[in-house]
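S.K.: Quick one, what's the 3D model for this:
(chains A, B, C and D)
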There are 2 protein chains.
Amino acid sequence: MSRKVTIHDISTESGTSPSTVSRVLTGSAVVSEDKRKAVEEAIRKLNYRPSHIARSLKTRTTQSIGLLLNDITNPFYSAVARGAEDEANRHNFSLILCNTNEEAARELQYLHLLEDKQVDGIILGPTGKNISPVQDLAYRHPIVQIDRYLDSVEASIVKVDNEGGAYAATRLLIEKGHQRIAVLRWGKQITTMKERYEGYERALVEAGLPVDPALVVDVPALDIAQTMDMVRSVMTRPDRPTAVFALNNQIGSAAIGVIHQLRLQIPEDVALIVFDDLDYFTLIRPSISAVSQPAFEIGVQAVRLLMRQAQARGAPHSAEQIILPTELVIRESV
Amino acid sequence: MSRKVTIHDISTESGTSPSTVSRVLTGSAVVSEDKRKAVEEAIRKLNYRPSHIARSLKTRTTQSIGLLLNDITNPFYSAVARGAEDEANRHNFSLILCNTNEEAARELQYLHLLEDKQVDGIILGPTGKNISPVQDLAYRHPIVQIDRYLDSVEASIVKVDNEGGAYAATRLLIEKGHQRIAVLRWGKQITTMKERYEGYERALVEAGLPVDPALVVDVPALDIAQTMDMVRSVMTRPDRPTAVFALNNQIGSAAIGVIHQLRLQIPEDVALIVFDDLDYFTLIRPSISAVSQPAFEIGVQAVRLLMRQAQARGAPHSAEQIILPTELVIRESV
DNA sequence: ACATTCTATGAAATCGGTTTCATGCTATCC
DNA sequence: GGATAGCATGAAACCGATTTCATAGAATGT
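M.R.: Next comes the predicted model:
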């Protein structure tokens, strides 16, 4: 087993100094044509590949960014990841995948780990429970929050127009004649949920409809069985709502499951609209209307924003905020 | 902005040498009780966190593994990723996420990148198009293939019992009285598809049924629209099959879409079973039967296998093979 | 033609740890 | 009690790159 080829080997093979080899590697300074050729020849001959680690140690940059998500198996987040991966790759950066599972301790552990690994930036889909550590980190490193964000933390954000999307969805239901519209949410203190709920409420108020607390259902956890139970109890009440607005894809799926179980007809018995679109919504009958989010684009924009911030390091980095539009996709369920 | 705290700072603060600090850090040698206390105190006081990069440079180990997948948005792969992440975290390893998008060039680029980054191991869901580079890599580094594998390459594998799962599914359809069972596949040279097809064929042959080439549908690409077109053409033939077996979740979803479009009743007009289970299969009506794969567990096992191989480095590492069982989940669609 | 600036290059320091090696001290043995 | 082994420790080398700094030689200006 031959030892790994180092810059020193290239140096001797090409009859130059390591400094010169480094210069042709990074292009950081002018090197004469013949030396350059010699170095390039040696690199090819010995099949040399520079060590990222050694480089990182000196340059204090790792060409990597941390991607901290609550649940990579949630189609929304995996699309974000895909977008981020795509854009990162375009910049020759790689992603370190961290799954928090909505656990504060795990998020915190990862935040430290990523700092120890000296990632050049962090894309954070926050659990919402580590406010001050995130603030501290944001002070020292480029960090962009996606989807949700921590209200008091001064860090960049890439999100969608939750309020507007929810408003449009609710309005659609009202226009279709619905007066009793249930809203299903989870974690009402989370910014996404807050904003979506506000959009719902604004549409109701604007239309002069009452905001009935009985129609606002908070599911206790993102557990499909529990969520279905909650939804079932709403849907089996004597004064059942005529329309349901689920504020995320998981609750939406639970609602679909319950409605099917109860043998209710969509949209005759109950109309349905879900915040966040899933592939299968178009495949089933009736197809499900949704507020579609540009998840892939969120990932792309987050990486771009990070690149800009990393570039401008040293300069007082202002916390940017990117708000992407949602799209109301009207299908058979309304 | 205070400079980063280094091992040298701890050394002076605690009145010891860097060597001793390193020894308490790694626990690689005995240190007297009082020195240890002093070092630990200094670490706490200065809030010291060792640099992973510097450590990696010397130890030639990065505590990270590369995760190379074709499509992280495919629920199967994202579940694998989740499992891998979980297990890696348990071992204090982190994952570098690489999405190949089924592109050979991208896969190759990533294989090089991961080697340059000196990951301790690679989990590879291969495109199938980079046989000799993978073989070369496997010779130098721990690598485990998941799901698919490269036939000629000597590297460990974690996969499911594709043949057995497909056999069981086909058998079920036959037992339900179906004689004309279409099979939908993509990329027939890919090991998973080959094995699943073999299971299908074995079940037919065992039951004395003919293997009708007209019922074997190869979709040209994993594109939902194209796939739906192919499926539609089969389902609109005069001698339409009475049952359909889709060999992966994407083709399965396309099939569901087409069947709904054509207003065919499941399972009366056509029975359906899909290799690989998706969440929504239980939510819709009728619910869809599936061959369920332990995707999370594949990720977990892959990481464990990698850990073992990395441990045994130096010893001639034998290529292990782990075959996990599938589960036939019978729902309303048959 | 001589002083001065430029340019390409190599030597050496550096990044922040780990590990080998040498050493002084204490414990053990006959 | 003197020789030997064991043990904790620090000095220095090392991992593999980049970057600063010094310098020799070429190019430029007057």
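S.K.: how about the strand or helix carrying residue A:227: buried residues?
M.R.: When elements are assigned from DSSP states H and E, residue A:227 belongs to helix A:224-235. Within helix A:224-235, the residues scored as buried using 16 or more other CB atoms under 10 Å in any protein chain shown are A:224, A:227-228, A:230-232, A:234-235. For the C-beta atoms, the positions are set from N, CA and C on the backbone; glycine is no exception.
S.K.: cool, stretch A:81-93 as well?
M.R.: A:81-85, A:87-89, A:93.
S.K.: rewinding a little: for the helix holding residue A:227, name the packing helices and strands.
M.R.: strand A:181-186, strand A:216-219, strand A:243-246, helix A:249-261 (3 or more CB pairs under 8 Å, 6 or more residues apart in numbering or on different chains; DSSP states H and E).
S.K.: Following element in sequence after the first one, please.
M.R.: On the C-terminal side of strand A:181-186, the nearest following helix or strand under DSSP H and E is helix A:191-206.
S.K.: on that earlier part again, mind putting the helices and strands packed on helix A:224-235 into a markdown table with distance to DNA strand C and mean neighbour count?
M.R.: Below are the helices and strands packed on helix A:224-235 laid out as a markdown table (distance: least, CB to the nearest atom of the strand, whole Å; neighbours: other CB atoms under 10 Å in any protein chain shown):
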| stretch | distance to DNA strand C | mean neighbour count |
| --- | --- | --- |
| strand A:181-186 | 41 | 24 |
| strand A:216-219 | 45 | 18 |
| strand A:243-246 | 48 | 30 |
| helix A:249-261 | 41 | 23 |
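S.K.: For those, give me a markdown table that also has mean pLDDT and distance to chain B.
M.R.: Listed next are the helices and strands packed on helix A:224-235 as a markdown table, based on pLDDT from 0 to 100; distance: least, CB to the nearest CB, whole Å:
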| stretch | mean pLDDT | distance to chain B |
| --- | --- | --- |
| strand A:181-186 | 96 | 15 |
| strand A:216-219 | 95 | 16 |
| strand A:243-246 | 98 | 13 |
| helix A:249-261 | 96 | 4 |
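S.K.: Can I get these in JSON lines including distance to residue B:20?
M.R.: Shown next, in JSON lines, are the helices and strands packed on helix A:224-235 (distance: least, CB to CB, whole Å):
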{"stretch": "strand A:181-186", "distance to residue B:20": "51"}
{"stretch": "strand A:216-219", "distance to residue B:20": "54"}
{"stretch": "strand A:243-246", "distance to residue B:20": "59"}
{"stretch": "helix A:249-261", "distance to residue B:20": "52"}
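S.K.: And those: which comes nearest residue A:59?
M.R.: helix A:249-261 (41.0 Å; CB to CB).
S.K.: quick one: that closest one to chain centroid distance?
M.R.: 23 Å (CA atoms, centre = their mean, to the nearest Å).
S.K.: Run the angle between it and strand A:181-186 for me.
M.R.: 130 degrees (axes from the mean of the first three to the mean of the last three CA atoms, to 10 degrees).
S.K.: Would you mind pulling up the elements that helix A:249-261 packs against?
M.R.: strand A:181-186, helix A:224-235, strand A:243-246, strand A:271-275.
S.K.: which outside residues touch the longest one?
M.R.: The list of residues contacting helix A:224-235 from outside it, by CB atoms under 8 Å, 6 or more residues apart in numbering or on different chains, reads A:182, A:184, A:186, A:215, A:217-221, A:240-241, A:244, A:250-251, A:253-255, A:257-259, A:261-262, A:264, A:270, B:279.
S.K.: let's go with 10 Å and repeat that
M.R.: A:182, A:184, A:186, A:214-221, A:223, A:240-241, A:244, A:246, A:250-259, A:261-262, A:264, A:269-270, B:279, B:282-283 (CB atoms under 10 Å, 6 or more residues apart in numbering or on different chains).
S.K.: how about the CA coordinates for it, as PDB?
M.R.: Provided in PDB are the C-alpha atoms of helix A:224-235 (Å, rounded to 0.1, in the frame of the first residue of the first chain):
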ATOM      1  CA  ILE A 224     -50.200  10.400  13.100                       C
ATOM      2  CA  ALA A 225     -52.400   8.300  15.400                       C
ATOM      3  CA  GLN A 226     -53.000  11.100  18.000                       C
ATOM      4  CA  THR A 227     -53.500  13.600  15.300                       C
ATOM      5  CA  MET A 228     -56.100  11.400  13.600                       C
ATOM      6  CA  ASP A 229     -57.900  11.000  17.000                       C
ATOM      7  CA  MET A 230     -58.100  14.800  17.400                       C
ATOM      8  CA  VAL A 231     -59.400  15.300  13.800                       C
ATOM      9  CA  ARG A 232     -61.900  12.500  14.200                       C
ATOM     10  CA  SER A 233     -63.400  14.100  17.300                       C
ATOM     11  CA  VAL A 234     -64.000  17.300  15.300                       C
ATOM     12  CA  MET A 235     -65.400  15.500  12.300                       C
END
